[in-house]
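Below: sequence and its predicted model.
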Amino acid sequence: MNKPVFDEVASIIELLESLRKHFKLEKNEVDRLAGLKAGQYSRMVGRNQKIDLKSLRDVCKKVYNLTIKELLNLDGKIPKEDNLPQEIRELIAGRDTVRSQEKLDLTSYLIIIIAKHYKIHDIISNKIIRLYLPPNLTYKSIELGKTNIKHCFEDINSGAEIKRKVYKLISPISAELIKKARESVDPTWLKEFEEKFKNPS
């Protein structure tokens, strides 16, 4: 099976869109607030226009009060509304901005990816797992030995302290855990993830 290639542009787009949707902003509002041309944000996230550095910087800073580096290192966390620029806070005041944080629970995504992608005795690499994670979690530390599914793996690193450990899958993840994981992850991500296995490129 071909492994998907990490798409940096797609990662940036999904990060921007996750923030926009969380704060219930319209695409044309992002255009206005960031000083973009009419319809530019929509074209950028739709990949109909290149995301230039200045426009990306303006969206990050003027809309979310973030640097580009901070955007890329959100690590699954949504910025607090209090940290947004005042104009943005006033605009979204009263809008329903609550988003369930379990949608960003790393272990649930790991369970689904491992159960689908690996078989018993396969060697599991964090590098491969990251290819499937949603953008908000790609920078999060993956430590299988500290999860509630650690009993399913054998640490084959011989105690070596290395940056990227590998593990062997020694027992299947229970159907109950998989069911709970499917209920807690982002449904859009889940659908797209499963489509990749139905129609591998």
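Everything's here; your move. Since this is a predicted model, take the numbers as computed values, not measurements.

distance of Tyr41 from Ile51?
Distance from Tyr41 to Ile51, counting by CB to CB, to the nearest Å: 10 Å. (Each C-beta comes from the backbone N, C-alpha and C, glycine too.)

more crowded one of these two?
Neighbours per residue, other CB atoms under 10 Å: of Tyr41 and Ile51, the larger number sits with Tyr41, 28 against 18.

Tell me the backbone dihedrals of that one, please.
Backbone torsions of Tyr41, given as degrees, to the nearest 10, read phi -60, psi -40.

you'd agree it is up against Arg32?
No - judged on CB atoms under 8 Å, Tyr41 makes no contact with Arg32 at a distance of 9.5 Å.

Count the neighbours of Leu144 for me.
Neighbourhood size, Leu144 [other CB under 10 Å]: 20.

List the contacts of it.
When contacts are counted by CB atoms under 8 Å, 6 or more residues apart in numbering, Leu144 touches 110, 124, 150, 153, 165, 167.

How are the helices of the chain distributed by residue range?
Taking DSSP state H as the test, the helices found in the chain are 8-22, 27-34, 40-45, 53-58, 64, 68-72, 86-92, 106-117, 126-130, 175-184, 187-198.

I'd like to know which of the ones you listed lies nearest to Pro79.
helix 64 (6.0 Å; CB to CB).
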